[in-house]
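Engineer: predicted model follows, preceded by the sequence.
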Protein chains: 2
Amino acid sequence: MPKIVNHEERKALIAKSTWNVIAKDGLEGASVRSIAKEANLSLGAVRHYFNTQEELLEFAMRLVEEQVTERMMEHTKHPLPPKQLVLNMLMEFIPIGKRKIEMQVWLEYISYKLRKKELQEESVHVGIVTMMNKLNEDGLLKKDINLEEETVHLHALIDGLALHILMGLVELDEKRIRSLIERELERIFT
Amino acid sequence: MPKIVNHEERKALIAKSTWNVIAKDGLEGASVRSIAKEANLSLGAVRHYFNTQEELLEFAMRLVEEQVTERMMEHTKHPLPPKQLVLNMLMEFIPIGKRKIEMQVWLEYISYKLRKKELQEESVHVGIVTMMNKLNEDGLLKKDINLEEETVHLHALIDGLALHILMGLVELDEKRIRSLIERELERIFT
């Protein structure tokens, strides 16, 4: 009788192994082979999910999106004043601890997609636009701001800060980064 | 008699060819071979400047730095009010036209250096810090700002905007980008 494989469980195992390998050896060290070894699976079993370095990068990127989305949703469960909640959600983009690897995967992914001329709409950007529109509809933002420009400004600031922290240009002082973002929120919140 | 090679001229030829190849085929298409072909030189002649893909990336990155620095210095030759001059200089970081390729090289370079855990101080960042300090010494910035925080903020905003334009998340409307940056300058200039 053939072994019955629970695909969701297996996918979760491979996802976790992919993450462990990237954390240990970087994206360069991540291969179908190294991930199969980490997951204690055959090459064939892993190849079901990705076959090439490129597919591995796509898989790792989807993992990043899932993890970030999950953490963002976690925040919405805690009752907090809107500005505080938004600040906590935006801080999820700052590369602290294991988020460093997430951002590294994201940068590799962007470079790769730029080379391929294949960049599409980004789920994080859609998320920030949606959040800003919702805040505005709920009357939480000042009436005289240009919503579209402020959205561009806020997202650029967040990603620029995240990038510079990752590059080591800006010291990762969580309190300092929070207050830089908070100042921007104060400018646009009623 | 051996042929006498003018190394400066040859380096300029190889630089130009490297740029042409990257512009045409992307970084992926750039190799010692393709650049030698473009420059109409032997493989050996090009290998004098770079041998591996990694050295090619280092060479391309130095080219980016040289080109950006040159354009920035060009601006300082035109007599303009300081705020206008700073705005023109900062706009050099926005990926318009051929600057798109420069930023793509920069992103590849960052990803590569992050993988190698070799990132060092960036000349552009040093330039922005120096510029802000100079503006402050000249009494052009408001007295009550936190200089260090405003420098972090401005550079993050610029690089975030540049990144989002490159990714196609923000429409490249030069006037709009100028006015977003100008608003920030107005906030800190006297």
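Structural biologist: Nice, thanks for sending it over. Just so it is clear, the model here is predicted, and its values are computed rather than measured.

Engineer: chain neighbours aside, what residue packs nearest to A:M167?
Structural biologist: Nearest non-adjacent residue to A:M167, counting by Cβ to Cβ, 6 or more residues apart in numbering or on different chains: B:L119, 5.5 Å away. No exception for glycine: its C-beta is placed from N, CA and C like everyone else's.

Engineer: please read the previous query as pertaining to A:L169.
Structural biologist: B:H125 (4.8 Å).

Engineer: and after the host helix or strand of the one you found, which helix or strand comes next?
Structural biologist: In the assignment (DSSP states H and E), B:H125 maps to helix B:123-137. Of the helices and strands lying after helix B:123-137 in sequence (DSSP H and E), the nearest is helix B:147-166.

Engineer: which residues of chain A lie near chain B?
Structural biologist: Counting by Cβ under 8 Å from any Cβ of the partner chain, chain A comes close to chain B at A:26-28, A:104, A:107-108, A:110-111, A:114-115, A:119, A:121-122, A:125, A:149, A:152-153, A:155-161, A:163-164, A:166-170, A:176, A:180.

Engineer: hmm, try it at 7 Å
Structural biologist: Within reach of chain B by Cβ under 7 Å from any Cβ of the partner chain, chain A has these residues: A:26-28, A:104, A:107-108, A:110-111, A:114-115, A:119, A:122, A:125, A:149, A:152-153, A:155-161, A:163-164, A:166-170, A:180.

Engineer: that older thread, list the buried residues in the helix holding B:H125.
Structural biologist: B:V124, B:H125, B:G127, B:I128, B:V129, B:M131, B:M132, B:L135, B:N136 (16 or more other Cβ atoms under 10 Å in any protein chain shown).

Engineer: any idea how far the second one is from B:H155?
Structural biologist: Counting by Cβ to Cβ, to the nearest Å, the separation of B:H125 from B:H155 is 6 Å.

Engineer: again, but for the third one
Structural biologist: Counting by Cβ to Cβ, the separation of B:G127 from B:H155 is 10 Å.

Engineer: between B:H125 and B:H155, which contacts overlap?
Structural biologist: By Cβ atoms under 7 Å, 6 or more residues apart in numbering or on different chains, B:H125 and B:H155 have no common neighbours.

Engineer: phi, psi of the closest residue to A:G168 other than its chain neighbours?
Structural biologist: In space, and not counting its chain neighbours, A:G168 is closest to B:L119: 5.5 Å by Cβ to Cβ, 6+ apart. Main-chain torsions, B:L119, degrees, to the nearest 10: phi -60, psi 130.

Engineer: ok, A:P95 next?
Structural biologist: phi -70, psi 90.

Engineer: right, and it touches A:L161 too?
Structural biologist: No. With contact defined as Cβ atoms under 7 Å, A:P95 does not count as touching A:L161 (9.4 Å).

Engineer: those two: which is more packed in?
Structural biologist: A:L161 (27 against 20; other Cβ atoms under 10 Å in any protein chain shown).

Engineer: what about the residue lying closest to that one once chain neighbours are set aside, neighbour count?
Structural biologist: In space, and not counting its chain neighbours, A:L161 is closest to B:A156: 4.4 Å by Cβ to Cβ, 6+ apart. Around B:A156 there are 24 other residues, counting by other Cβ under 10 Å.

Engineer: out of the residues of chain A next to chain B, which end up buried?
Structural biologist: A:26-27, A:104, A:107-108, A:110-111, A:114-115, A:122, A:125, A:152-153, A:155-161, A:163-164, A:166-167, A:169-170, A:180.

Engineer: residue ranges in chain A under the pLDDT threshold?
Structural biologist: Low-confidence segments of chain A (pLDDT under 70): A:1-3, A:121.

Engineer: and chain A, what are its domains?
Structural biologist: A:1-51, A:53-188 (automatic domain parsing).

Engineer: dump those into TSV; add distance to B:E58 as well.
Structural biologist: What follows is the domains of chain A, written out as TSV (distance: least, Cβ to Cβ, whole Å):
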stretch	distance to B:E58
domain A:1-51	17
domain A:53-188	16
